[in-house]
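[1] turn this into a structure:
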Amino acid sequence: MNNLQRIPATVITGFLGAGKTSMIRHLLKTANGKRLALIINEFGDMGVDGNILKACGAENCAEEDIVELANGCICCTVADDFVPTMEALLDRPDKIDHIIIETSGLALPKPLIKAFNWPDIRTRITVDGIITVVDGPAFADGLFADDPEAVEAQRQADEALDHDSPLAELFEDQLSCADLVIMNKADLLSEEDTPGILQDLQSAIGKSVKIISSSHGAIDAETLLGLEADSGSDIENRSSHHDDTDDHEHDDFESFVITFDEILDPETLVAKLQDVLVAHNVLRMKGFVAVKDKDMRLLVQGVGNRFQHYYDREWNADEDRVSRLVVIGLHGLDEVAIRSMITN
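    Okay, the predicted model is just below:
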């Protein structure tokens with residue numbers, strides 16, 4: 001079966017906070033009627049990224065077209081999660097035009113792309129392209145991710161993860177597999193520094209791969225889809241630090257969910273969350289909040305010492321107006337104290 005008869009799939013990778021979800025949300029809005037299916041490799045106890053995408057209201061990607069894989073790093077659960085999910089999408093009676101896969105920032109692209117060569121799906125799907133989203137300011141600072149500690153917490157809390165590498169190695173693996181690199185958050189870089197940063201990024205890639213700068217992930221589907229790279233056909237030629245190794249270890253990180261009633265003032269809540277970060281070993285918070293007398297749901301996200309919050313959509317009639325936050329941090333979190341600081 002040639003590529004024209006196979007459904008194209010695009011794999012989007014990049015570290016926590018790079019802007020993958022924002023980019024996909026913009027992609028959905030500019031897909032010009034293409035019927036899209038999303039596979040979201042969500043981390044944690046809440047499908048927050050999936051809910052953000054479901055809330056965008058794109059007619060070409062209904063809620064039933066979004067599948068969340070929350071059992072760990074997608075490259076480590078291929079047989080259990082990824083392949084069955086792909087088969088279920090392919091067997092659906094309504095035709096899908098394109099599949100988008102947002103990986104966890106910890107996922108190694110190469111094992112995932114190899115899974116597309118499994119007999120059950122290789123004749124029905126082609127890998128249209130692998131897109132790596134890079135946090136521009138973080139790369140400029142030599143950190144690769146906006147908050148390395150939050151990425152490390154994400155890694156160690158994933159019991160299914162079977163690889164453990166420095167961020168630099170994971171970053172190199174993501175770049176080496178890429179067919180297109182997006183340097184996001186360009187609006188946070190100065191005009192005089194940007195050319196040098198782009199040159200450094202091109203050198204880090206080590207091959208002729210196009211780099212596109214973006215702000216808030218605002219790149220249209222016309223640019224991201226239709227690369228026709230057929231990435232699965234030459235995946236063996238894309239180097240990885242894990243080609244000959246399979247070592248891992250697990251430090252002890254933890255997470256929990258806080259549920260509470262409506263709040264009166266978002267700014268007061270954010271101030272409390274910032275106090276929690278100072279007082280405890282919390283690395284990341286993310287969730288939805290109900291605000292009294294507001295018809296819309298408040299999205300709250302905190303990575304490192306930075307928080308953002310905005311109203312993402314109206315509450316559905318069948319939804320309980322309940323606030324839920326996932327808290328991720330180092331082992332030994334004082335859950336009782338943290339709950340008290342946030343809810344009192």
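
[2] where do the helices sit along the stretch 151-300 of the chain?
    Along the stretch 151-300 of the chain, counting by DSSP state H, counting those that start in this stretch, helices occupy 167-176, 194-205, 221-224, 266-279.

[3] so residue 220 sits against residue 32, correct?
    No - in this structure, residue 220 is not within contact of residue 32 by Cβ atoms under 8 Å, at 9.0 Å. Backbone N, C-alpha and C define where each C-beta goes, glycine included.

[4] settle it for me: which of these two has more neighbours?
    Set side by side, residue 220 and residue 32 give different neighbour counts by other Cβ atoms under 10 Å, the larger being at residue 220 (13 against 10).

[5] contact partners for that one?
    26, 27, 30 (Cβ atoms under 8 Å, 6 or more residues apart in numbering).

[6] can you pull the buried residues of stretch 92-110?
    96, 98-110 (16 or more other Cβ atoms under 10 Å).

[7] these in helices, which ones?
    109, 110 (DSSP state H).

[8] between the buried residues of stretch 92-110, which is nearest residue 231?
    residue 109 (8.7 Å; Cβ to Cβ).

[9] where does the closest residue to the closest one other than its chain neighbours land on pLDDT?
    Spatially, and ignoring its direct neighbours in sequence, residue 109 is nearest to residue 177 (3.8 Å; Cβ to Cβ, 6 or more residues apart in numbering). Model confidence at residue 177, given as pLDDT, is 89.

[10] strands along this structure, start to end?
    All strands of the chain, identified by DSSP state E, fall at 7-13, 36-40, 66-68, 98-102, 125-135, 180-184, 210-213, 253-260, 282-289, 296-303, 306-314, 323-330.

[11] isn't residue 186 up against residue 216?
    No - in this structure, residue 186 is not within contact of residue 216 by Cβ under 8 Å, at 9.5 Å.

[12] looking at these two, which one has more neighbours?
    Neighbour count, other Cβ under 10 Å: between residue 186 and residue 216, residue 186 has more, with 18 against 14.

[13] contact partners for the more buried one?
    Residue 186 sits next to 136, 194, 213, 214, 215 when contact means Cβ under 8 Å, 6+ apart.

[14] between those residues, which has the most around it?
    In terms of neighbours by other Cβ under 10 Å, those top out with residue 136 at 26 neighbours.

[15] wait, it touches residue 193, no?
    No - counting by Cβ under 8 Å, residue 136 stays clear of residue 193, with 9.6 Å between them.

[16] rewinding a little: now the strands of the chain as CSV including mean pLDDT and distance to residue 203?
    Conversion of the strands of the chain to CSV gives the following (pLDDT from 0 to 100; distance: least, Cβ to Cβ, whole Å):
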stretch, mean pLDDT, distance to residue 203
strand 7-13, 93, 20
strand 36-40, 86, 32
strand 66-68, 69, 36
strand 98-102, 91, 27
strand 125-135, 94, 13
strand 180-184, 96, 12
strand 210-213, 95, 11
strand 253-260, 82, 33
strand 282-289, 83, 31
strand 296-303, 86, 27
strand 306-314, 86, 28
strand 323-330, 83, 33
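
[17] what segments of the stretch 1-150 of the chain are helices?
    Secondary structure of the stretch 1-150 of the chain (DSSP H, counting those that start in this stretch): helices at 20-29, 48-54, 83-90, 109-115, 119-122, 136-140, 148-156.

[18] correct me, but residue 294 touches residue 312?
    No - with contact defined as Cβ under 8 Å, residue 294 does not reach residue 312; the gap is 11.8 Å.

[19] counting neighbours, what do you get for the residue nearest to residue 109?
    Residue 177 has 22 neighbouring residues, counting by other Cβ under 10 Å.

[20] got it, and the one 4 residues further on?
    The tally of other residues near residue 181 (other Cβ under 10 Å) stands at 22.

[21] and for residue 218?
    16.

[22] surely it is in contact with residue 24?
    No - with contacts counted by Cβ under 8 Å, residue 218 stays clear of residue 24, the gap being 11.6 Å.

[23] go through the helices of the stretch 151-300 of the chain and pick out the most buried.
    helix 167-176 (a mean of 21; mean count of other Cβ atoms under 10 Å).

[24] hang on, the earlier thing: most surrounded residue in the contacts of residue 220?
    residue 27 (30 neighbours).

[25] list the contacts of it.
    Residue 27 neighbours (Cβ under 8 Å, 6+ apart): 36, 100, 219, 220, 221, 224, 225.

[26] could you list the domains of this protein?
    The record's domain parsing of the chain by automatic domain parsing lists 3-237, 253-343.

[27] would you single out the least confident of those?
    Across the domains of the chain, domain 3-237 gives the lowest mean pLDDT, at a mean of 78.

[28] JSON lines please, covering the strands of the chain and showing distance to residue 276.
    Shown next, in JSON lines, are those (distance: least, Cβ to Cβ, whole Å):
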{"stretch": "strand 7-13", "distance to residue 276": "30"}
{"stretch": "strand 36-40", "distance to residue 276": "27"}
{"stretch": "strand 66-68", "distance to residue 276": "27"}
{"stretch": "strand 98-102", "distance to residue 276": "28"}
{"stretch": "strand 125-135", "distance to residue 276": "24"}
{"stretch": "strand 180-184", "distance to residue 276": "27"}
{"stretch": "strand 210-213", "distance to residue 276": "34"}
{"stretch": "strand 253-260", "distance to residue 276": "10"}
{"stretch": "strand 282-289", "distance to residue 276": "6"}
{"stretch": "strand 296-303", "distance to residue 276": "9"}
{"stretch": "strand 306-314", "distance to residue 276": "11"}
{"stretch": "strand 323-330", "distance to residue 276": "8"}
